[in-house]
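*Asks:* Sequence and computational prediction follow.
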Amino acid sequence: MAKTTQANEAIATATTEALVKTQEVFAKSTETSEKVAENLIDYNTAIIKSGEALVKKAYDNYLANVAAAFDGAKALTKTSDVAEFYKVSSSNFTSAAEKFSAQGKELAELSAKALKDNTETAKKLYTKAFAA
């Protein structure tokens, strides 16, 4: 009978220890999962923020370009002869080309900044994720 009691106690102790260790592993994996989720949220927030800036700039450019196109068309309707029409048309084209070039440069700079910022964010989060 003593052997049975000892065996039961050993089984109970082993089971309790296994449950405690299982709970510890679960707690650590839950903590790690939470850190991963937080990092993903932070990274996605950074990407959305930079994407929002790019989209806003592109939309602002669109609005400015549509307004300029209508202004150019109005200026063309006020011309009285072919020479004046050519002069206004050339001016509109030159102005539009300069504007498109400047807008392209601004969007490229914003894209480069977004890439740099997102890369830095990713590096920080990667470092944070693997910190002890």
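*Replies:* On my side now, so go ahead.
*Asks:* Show the backbone phi and psi for residue 81.
*Replies:* phi -150, psi 170 (degrees, to the nearest 10).
*Asks:* thinking in terms of the whole chain, how far from its middle is the helix or strand that contains residue 90?
*Replies:* If you go by DSSP states H and E, residue 90 is part of helix 82-129. Between the centre of helix 82-129 and the centre of its chain there are 18 Å (Cα atoms, centre = their mean, to the nearest Å).
*Asks:* neighbouring contacts of stretch 81-94?
*Replies:* 72, 75-76, 78-79 (Cβ atoms under 8 Å, 6 or more residues apart in numbering). C-beta here means a position set from N, CA and C on the backbone, and glycine is covered the same way.
*Asks:* Redo these as JSON lines? Include pLDDT and distance to residue 105.
*Replies:* JSON lines is the format used below for the contacts of stretch 81-94 (pLDDT from 0 to 100; distance: Cβ to Cβ, whole Å):
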{"residue": "72", "pLDDT": "95", "distance to residue 105": "22"}
{"residue": "75", "pLDDT": "95", "distance to residue 105": "26"}
{"residue": "76", "pLDDT": "93", "distance to residue 105": "27"}
{"residue": "78", "pLDDT": "95", "distance to residue 105": "32"}
{"residue": "79", "pLDDT": "93", "distance to residue 105": "31"}
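*Asks:* thinking again about what came up before, could you give me the average pLDDT of the helix holding residue 90?
*Replies:* Helix 82-129 comes out with an average pLDDT of 92.
*Asks:* circling back: are any of the contacts of stretch 81-94 buried, and if so which?
*Replies:* By neighbour count, with 16 or more other Cβ atoms under 10 Å, the contacts of stretch 81-94 hold residue 72 as buried.
*Asks:* Which of the contacts of stretch 81-94 sits closest to residue 64?
*Replies:* Of all the contacts of stretch 81-94, residue 64 sits closest to residue 72, with 12.3 Å by Cβ to Cβ.
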